[in-house]
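Trainee: Predicted structure and sequence below. I'll ask about it afterward.
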Amino acid sequence: MRERLRAAAASATAAYADLGRFAETELAPLGREVDGVGRDRYELESRFFLGAAVDLEETYRWGWEELKRIEDDMAATAGRIVPGGSVDDAVKALDADPARDCGSREAFEAWMQERSDRVLADFDGVHFDIAEPIRTLACKVAPVNDGGAWYTPPSEDFSRPGTMWFSFTDDNTYFSTWRETTTVFHEGVPGHHLQCAQVVHRADVLNRWQRLLCWVSGHGEGWALYAERLMDELGYFDDPGDRLGFLDMQGFRAARVVVDIGVHLGLRIPADNPFGWRPGEVWDADRAFEFMRAHSRMDDGSLRFEVNRYLGWPGQAPSYKVGERIWLQARDEARARQGAAFDLKRFHTDALDLGALGLDPLKAALARL
């Protein structure tokens, strides 16, 4: 087995090197001269990731407004942490607070498991009907060391539970809770776990493709951001540090809406933009990086990766925040139709039982209920 693995590894290494040479010598010369893909392609990509057609110029304007709303909220929240201080002052204070550092990977894993178990117990029968197999969510620190968080759905028979994963880089010595509370809600409960495990469970109403294979980014990631907003509405971000972490990620996703649409459609930066930033200039990759740097607390290496991803994957990054917006609109429309009869738990059950689908079909299906 050892020799077979060595041979396979050598073959994979050579193939990866060949791919690199192909990208540099054959593919790169065919690249665009401009950074954006243009309106025709972008409209298709946006519909693919959302499962909905949106007014791109209106969404671009909304992205600016949403980012300003969030950053105003961040400034007010920072003042609760460091009176009279800035957001950066609050971040420094939170990072220096030993009570917000789990101290080890093992302690961080125990923290997110306890947090998730508590929310599952709080929500069952109140805001969601949670079937027995879904009441188990495993929270693990991943055996890889590249950073990030993700969720893996349960197996079809639930012999493997739904699992939320965190990973840390090798040089990580700080295991923060204030930055990651919102991620626990996003990946676990009421986010991806309730969404994905519910459709695996509903074999009585959904086929296997709907339960195990289908994924629409605007629907799935939009739900996870909706879940974070729901937790804020329900008071789970009363702690100002946890709330600043929530708002920081919300602002990051709003900034991506502005950048992605702006660059790919070749739009001008509004003359009256709320930050007074480069009014009237046309978006390109350099301006995208500068803007993201000004509106996030991410290191430059990670930001370069993010911006390069936006340039090569048009329409994907905004699907999170635009998806959240459409989920909130769907809930508002259901509440307006049903009036006093509106029931939040019933809305969640009806919506999740539809499985993964585009956001336009989602709104149409909910309107028939």
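Mentor: Alright, I've got the coordinates.
Trainee: Mind jotting down where the helices sit in the stretch 201-350 of the chain?
Mentor: Counting by DSSP state H, counting those that start in this stretch, the stretch 201-350 of the chain has helices at residues 208, 217-233, 240-265, 285-294, 300-312, 318-338, 344-352.
Trainee: Of those, which is nearest residue 47?
Mentor: helix 217-233 (9.5 Å; Cβ to Cβ). No exception for glycine: its C-beta is placed from N, CA and C like everyone else's.
Trainee: Now do that closest one, average pLDDT.
Mentor: Helix 217-233 carries an average pLDDT of 98.
Trainee: Would you mind getting the angle between it and helix 344-352?
Mentor: Inter-element angle recorded for helix 217-233 and helix 344-352: 170 degrees (by axes from the mean of the first three to the mean of the last three Cα atoms, to 10 degrees).
Trainee: Surely residue 202 and residue 354 touch.
Mentor: No: counting by Cβ atoms under 8 Å, residue 202 does not reach residue 354; the two are 9.5 Å apart.
Trainee: In stretch 20-36, which residues are buried?
Mentor: For stretch 20-36, burial by neighbour count (16 or more other Cβ atoms under 10 Å) applies to 35, 36.
Trainee: same deal with stretch 210-220?
Mentor: For stretch 210-220, by 16+ other Cβ under 10 Å, it's 210, 211, 214, 216, 217, 218, 219, 220.
Trainee: Serialize these to CSV and add fields for distance to residue 89.
Mentor: Shown next, in CSV, are the buried residues of stretch 210-220 (distance: Cβ to Cβ, whole Å):
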residue, distance to residue 89
210, 48
211, 47
214, 45
216, 40
217, 35
218, 36
219, 38
220, 36
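Trainee: In terms of distance to residue 187, which of those residues ranks first?
Mentor: Distances from residue 187 to the buried residues of stretch 210-220, taken by Cβ to Cβ, are shortest for residue 220, at 11.4 Å.
Trainee: residue contacts, the closest one?
Mentor: Applying Cβ atoms under 8 Å, 6 or more residues apart in numbering, we find residue 220 in contact with 192, 195, 196, 323, 356.
Trainee: Just give me the neighbour total for the third one.
Mentor: Yep, that's residue 196 we're talking about. When neighbours are counted by other Cβ atoms under 10 Å, residue 196 registers 25.
Trainee: How confident was the prediction at it?
Mentor: 97.
Trainee: Pretty sure residue 350 sits against residue 367.
Mentor: No: using Cβ under 8 Å as the test, residue 350 is too far from residue 367 to be in contact (11.0 Å).
Trainee: Name the helix or strand for residue 3, please.
Mentor: helix 2-22 (DSSP states H and E).
Trainee: what separates the helix or strand just after that helix from the chain centre, distance-wise?
Mentor: Counting by DSSP H and E, the next helix or strand C-terminal to helix 2-22 is helix 39-50. In terms of Cα atoms, centre = their mean, to the nearest Å, the centre of helix 39-50 is found 19 Å from the chain centre.
Trainee: can you give me how far the helix or strand just after helix 39-50 is from the chain middle?
Mentor: Toward the C-terminus, helix 39-50 is succeeded by helix 56-81 as the next helix or strand (DSSP H and E). Centroid separation for helix 56-81 versus its chain: 17 Å, with Cα atoms, centre = their mean.
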